[in-house]
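Engineer: A structural model of the following input is requested.
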Amino acid sequence: MCFFFQKYGYTHLSAGELLRDERKNPDSQYGELIEKYIKDGKIVPVEITISLLRREMDQTMAANAQKNKFLIDGFPRNQDNLQGWNKTMDGKADVSFVLFFDCNNEICVERCLERGKSSGRSDDNRESLEKRIQTYLQSTKPIIDLYEEMGKVRKIDASKSVDEVFDEVVKIFDKEG
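Structural biologist: Numbers count the residues shown, from 1 in each chain. Now for the predicted structure:
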């Protein structure tokens, strides 16, 4: 996957990964709070997530000014996230498009449960996943719908095999750049 991001000039940032890393940091003032939100299937407060994303973006660009394209995975997840992003990043970052992996709930749950066998993630259990689905339907789907109204959503049928999904992603990035 690394070659993929190099080919298109993107730096991959996973909001969830940044939050999980911060949660594990013993010096973090947010670790316990992040753990509680993640375990409950809730969305971490926007100020925390944006501060982590912005820190990573700033560090990446400070190390190499040419690295100014980011693929941000898992963000924004609700209206609060979107408003916080727009307020904080207005004039600093533009959203070119949203890559939406569309997949039915049961396939998502089964894949996450399978991942949970080796991931060690506290949220890879049926109870947390059911909560996450409800959070998605109530909070995230309206954000995707909003970006779709703006013509910025690129939808992929994620119920297909990993190779088929990857091929679709490549087609989108070949077109979008």
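
Engineer: and the residue nearest the centre of the protein?
Structural biologist: Using C-alpha atoms, centre = their mean, the residue of the chain that lies closest to the mean C-alpha position is G74, 1.3 Å off.

Engineer: apart from its neighbours in sequence, what residue is nearest it?
Structural biologist: A15 (4.2 Å; C-beta to C-beta, 6 or more residues apart in numbering). Quick note: C-beta positions are derived from backbone N, CA and C, even for glycine.

Engineer: contact partners for that neighbour?
Structural biologist: Residues touching A15, when contacts are defined by C-beta atoms under 8 Å, 6 or more residues apart in numbering, comprise T49, L52, L53, I72, D73, G74, F75, R77.

Engineer: which of these lies closest to S122?
Structural biologist: For those, the minimum distance to S122 (C-beta to C-beta) is 16.1 Å, reached by G74.

Engineer: tell me how far E110 lies from G116.
Structural biologist: 10 Å (C-beta to C-beta, to the nearest Å).

Engineer: the strands in this protein, which residues?
Structural biologist: Assignment of strands within the chain using DSSP state E yields the ranges 10-14, 69-73, 98-102, 153-157.

Engineer: in this structure, what spans have low per-residue confidence?
Structural biologist: For the chain, applying pLDDT under 70 flags the ranges 1-2.

Engineer: list the buried residues in the helix ranked longest in the chain.
Structural biologist: Counting residues, the longest helix found in the chain (DSSP state H) is helix 46-63. Neighbour counts over helix 46-63 (16 or more other C-beta atoms under 10 Å) mark V46, I48, T49, I50, S51, L52, L53, E56, M57, T60 as buried.
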